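Undergrad: coordinates only, sequence not included:
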Ligand SMILES: Cc1cc2nc3c(=O)[nH]c(=O)nc-3n(C[C@H](O)[C@H](O)[C@H](O)COP(=O)(O)OP(=O)(O)OC[C@H]3O[C@@H](n4cnc5c(N)ncnc54)[C@H](O)[C@@H]3O)c2cc1C
């Protein structure tokens, strides 16, 4: 939309997907938009996310999709009703990026990458009149209520009618989001919920032998149960513990239990779809000269690190 000198001036601080989407929505009105980022370019974490295969959303029905938001479902539901997984796919297609549904039900750009999507998105935002200011680290406000920035030419201040903070969380600080905004806002009397790890792996005290033999190996198609959480999927044994999509899906609940008790215990069904009686009946068959591993593999379909 065209804007005039009387249009409200809005600052967006943070050029990750949250800030860019705020700029996109605002650019449909008549605001003059300036987007600031501390880094030499925007969307660095988004680009890193694309290195391992950019998972844009999930194709499952809305009810299980919503359940992934745990205690925040009620807040998230109206947001997803306004802009849900299908709308996100349509948005990507509109930027010239085709998507596909992987075997896990997750949705990816056809080339699995984030860079072409980010390039097309920035091109469209610039075309809508969004002004980008990189290498501008927001430092807070001055006494007059203006925003203070550390910039290549020294400290600058600018006044805006409204400010949107889209500063990211506290992980992967080298990509720009370092969580430094938390104490800054708290000092201004803003009540900020503590940052917590999410979508994260966990440490497990593997033995040296187990680590040596199995680090990097996947557990495919297992069912993880943790309290009310139960889902089939896959994850990987890492050097220090466990990580991967199935663990990430349960990570908020596991994290909260660790926070309360110091540790958490998960349950894995290594032969999902087979009843306990059936597994027992298969496994008690005489194994002859076969190793226990081959026996488990042939009788119960339990292979690799799982056995
Ligand atoms: C390895 C990895 C893989 C991932 N894979 C996926 C995936 O497949 N799918 C998915 O949906 N998500 C994935 N994510 C998560 C995703 O990248 C984040 O959820 C997303 O980037 C968060 O967006 P954001 O805009 O809130 O924050 P960020 O992307 O962190 O952006 C915040 C921005 O604010 C800027 N900033 C911070 N402080 C200041 C300041 N004081 N002044 C100016 N600028 C500042 C930062 O420089 C940064 O550019 C992955 C993350 C990682 C690390």
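TA: On my side now, so go ahead. Keep in mind that what you see is a predicted model, and the values were worked out from it rather than measured. Numbering: from 1, shown residues only.

Undergrad: Got the phi and psi for residue 202?
TA: The phi/psi pair for residue 202 (degrees, to the nearest 10) reads phi -140, psi 150.

Undergrad: Identify the residues contacting it.
TA: Residues in contact with residue 202 (Cβ atoms under 8 Å, 6 or more residues apart in numbering) are 241-243, 247, 251, 254, 258, 264. Where you see a C-beta, it was placed from the backbone N, CA and C, and this is true even at glycine.

Undergrad: Residue 38 belongs to a helix, doesn't it?
TA: No. Counting by DSSP: H, G, I helix; E, B strand; the rest coil, residue 38 is not part of a helix but coil.

Undergrad: Can you report how many residues neighbour the residue lying closest to it once chain neighbours are set aside?
TA: Counting by Cβ to Cβ, 6 or more residues apart in numbering, residue 137 is the residue found nearest to residue 38 once chain neighbours are left out, at 3.8 Å. Using other Cβ atoms under 10 Å, residue 137 is surrounded by 17 other residues.

Undergrad: Identify the residues contacting the residue positioned nearest the centre of the chain.
TA: Centroid-nearest residue in the chain, with Cα atoms, centre = their mean: residue 199, separated by 6.2 Å. For residue 199, the contacting residues are 248, 251, by Cβ under 8 Å, 6+ apart.

Undergrad: Check which helix or strand it maps to.
TA: Assessed by DSSP states H and E, residue 199 sits outside every helix and strand.

Undergrad: just residue 233 next, same as before
TA: If you go by DSSP H and E, residue 233 is part of strand 229-237.

Undergrad: So which elements touch that strand?
TA: Judged by 3 or more Cβ pairs under 8 Å, 6 or more residues apart in numbering; DSSP states H and E, the packing partners of strand 229-237 are strand 218-226, strand 241-243, helix 245-261.

Undergrad: The ligand: which of those is closest?
TA: helix 245-261 (9.6 Å; Cβ to the nearest ligand atom).

Undergrad: State the next helix or strand along the chain beyond the closest one.
TA: Once helix 245-261 ends, the next helix or strand along the chain (criterion: DSSP H and E) is strand 267-269.

Undergrad: about what we covered before: I'd like the helices and strands packed on strand 229-237 laid out as CSV, including mean pLDDT and mean neighbour count.
TA: Listed next are those as CSV, based on pLDDT from 0 to 100; neighbours: other Cβ atoms under 10 Å:
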stretch, mean pLDDT, mean neighbour count
strand 218-226, 94, 18
strand 241-243, 97, 18
helix 245-261, 94, 17
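
Undergrad: Nearest to residue 16 among these would be which one?
TA: Of all these, it is helix 245-261 that lies closest to residue 16, at 18.8 Å by Cβ to Cβ.

Undergrad: I would like the residues contacting the strand holding residue 233, please.
TA: Contacts for strand 229-237 (Cβ under 8 Å, 6+ apart): 104, 206, 214-224, 242-247, 249-250, 253, 272, 305.

Undergrad: Counting neighbours, which bits of that strand end up buried?
TA: 231, 233, 235-237 (16 or more other Cβ atoms under 10 Å).

Undergrad: relative to helix 245-261, how tilted is it?
TA: Interaxial angle, strand 229-237 versus helix 245-261 (axes from the mean of the first three to the mean of the last three Cα atoms, to 10 degrees): 110 degrees.

Undergrad: circling back: contact partners for the residue nearest to residue 38?
TA: Counting by Cβ under 8 Å, 6+ apart, residue 137 touches 38, 149-151.

Undergrad: rewinding a little: mind listing what the strand holding residue 233 pairs with, with the direction of each?
TA: Sheet pairing of strand 229-237 (DSSP bridges) gives strand 218-226 (antiparallel), strand 241-243 (antiparallel).

Undergrad: For the residue nearest to residue 38, name its beta-bridge partners.
TA: Following DSSP bridges, residue 137 is listed with bridge partners residue 150.

Undergrad: picking that back up, now the contacts of residue 137 as a markdown table including pLDDT?
TA: Converted to a markdown table, the contacts of residue 137 look like this (pLDDT from 0 to 100):
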| residue | pLDDT |
| --- | --- |
| 38 | 98 |
| 149 | 98 |
| 150 | 98 |
| 151 | 98 |
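
Undergrad: From those, list the buried ones, please.
TA: Applying 16+ other Cβ under 10 Å to the contacts of residue 137 flags 38, 149 as buried.

Undergrad: Pipe the contacts of residue 137 into CSV and attach distance to residue 177 per row.
TA: Shown next, in CSV, are these (distance: Cβ to Cβ, whole Å):
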residue, distance to residue 177
38, 9
149, 17
150, 16
151, 19
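
Undergrad: show me which of the contacts of residue 137 neighbour the ligand.
TA: Contacts with the ligand within those, as defined by Cβ under 6 Å from any ligand atom: residue 38.
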